[in-house]
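[1] Below: sequence and its predicted model.
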Amino acid sequence: MARQRRKWGGLGSQQLNDGIGKKVAMTSLYDAPAKPVIEALTETFKDEDSIEEPDWLQFTKAGVDRELPPEQEDFWERRAASILRKVEIDGPVGVGALKTEYGSAKQGTTRYRVRPRQKTDGSGSIVRTILQQLEDAGYVEIAEGEGRKVTPEGHSLLDETAAEVIEESDNPELARYA
């Protein structure tokens with residue numbers, strides 16, 4: 001089955017008409033570096049009521065390869081920002097794929113690292129709960145049989161955040177996207 005291409009009324013996919021006949025460059029999530037976008041989204045999610053760290057997080061590990069719970073103060077908001085970005089880029093995506101994405105490799109315990117490295121998954125409970133909270137906030141929706149995808153509201157949040165990151169950036173290579 002062939003995918004349909006979006007048409008923007010004769011303009012390139014990165015340009016829109018600003019209403020007075022002038023072409024304006026549109027900044028998207030793909031134009032900004034990942035780390036600053038996740039940092040900015042983390043700050044946005046700290047103010048949001050629907051993205052809240054559950055009580056059980058202090059007792060759980062972030063993956064099979066971990067021995068202690070997460071120590072970052074803003075772990076939950078940071079992981080939610082990262083998952084939202086990941087769903088936008090890879091979506092529609094399910095919990096299993098995100099567990100694999102946030103997993104790593106372990107090599108025995110911290111005391112005895114003699115075994116060959118083995119791939120492990122991240123915590124499915126953390127991923128699932130964050131996706132449910134992002135759904136409640138209106139940023140993610142279920143794509144039947146495919147996983148989860150970003151809603152138009154989530155897409156605009158990501159693009160606005162990317163535009164703010166590029167405007168605040170000192171990188172001259174990114175100035176053309178601002």
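    Thanks, I have it. Residues are numbered from 1 along each chain as shown.

[2] Quick one: mean pLDDT for the helix or strand where Leu134 lies?
    Taking DSSP states H and E as the criterion, Leu134 maps to helix 124-137. Computed over helix 124-137, the mean pLDDT rounds to 90.

[3] next one: stretch 98-108
    The model assigns stretch 98-108 a mean pLDDT of 78.

[4] quick one: low-confidence parts of the protein?
    Low-confidence segments of the chain (pLDDT under 70): 1-25, 107-115, 171-178.

[5] At which residues are the helices of it located?
    34-46, 75-90, 95-101, 124-137, 152-168 (DSSP state H).

[6] residue contacts, the residue lying closest to Gln133 once chain neighbours are set aside?
    Nearest residue to Gln133, sequence neighbours excluded (CB to CB, 6 or more residues apart in numbering): Ile51, at 5.2 Å. C-beta here means a position set from N, CA and C on the backbone, and glycine is covered the same way. If a contact means CB atoms under 8 Å, 6 or more residues apart in numbering, then Ile51 has 45, 76-77, 80, 130, 133-134, 137 as its contacts.

[7] can you list those residues in JSON lines and add neighbour count and distance to Ala162?
    JSON lines is the format used below for those (neighbours: other CB atoms under 10 Å; distance: CB to CB, whole Å):
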{"residue": "Phe45", "neighbour count": "24", "distance to Ala162": "15"}
{"residue": "Trp76", "neighbour count": "22", "distance to Ala162": "22"}
{"residue": "Glu77", "neighbour count": "23", "distance to Ala162": "18"}
{"residue": "Ala80", "neighbour count": "29", "distance to Ala162": "17"}
{"residue": "Ile130", "neighbour count": "25", "distance to Ala162": "20"}
{"residue": "Gln133", "neighbour count": "21", "distance to Ala162": "22"}
{"residue": "Leu134", "neighbour count": "24", "distance to Ala162": "18"}
{"residue": "Ala137", "neighbour count": "19", "distance to Ala162": "18"}
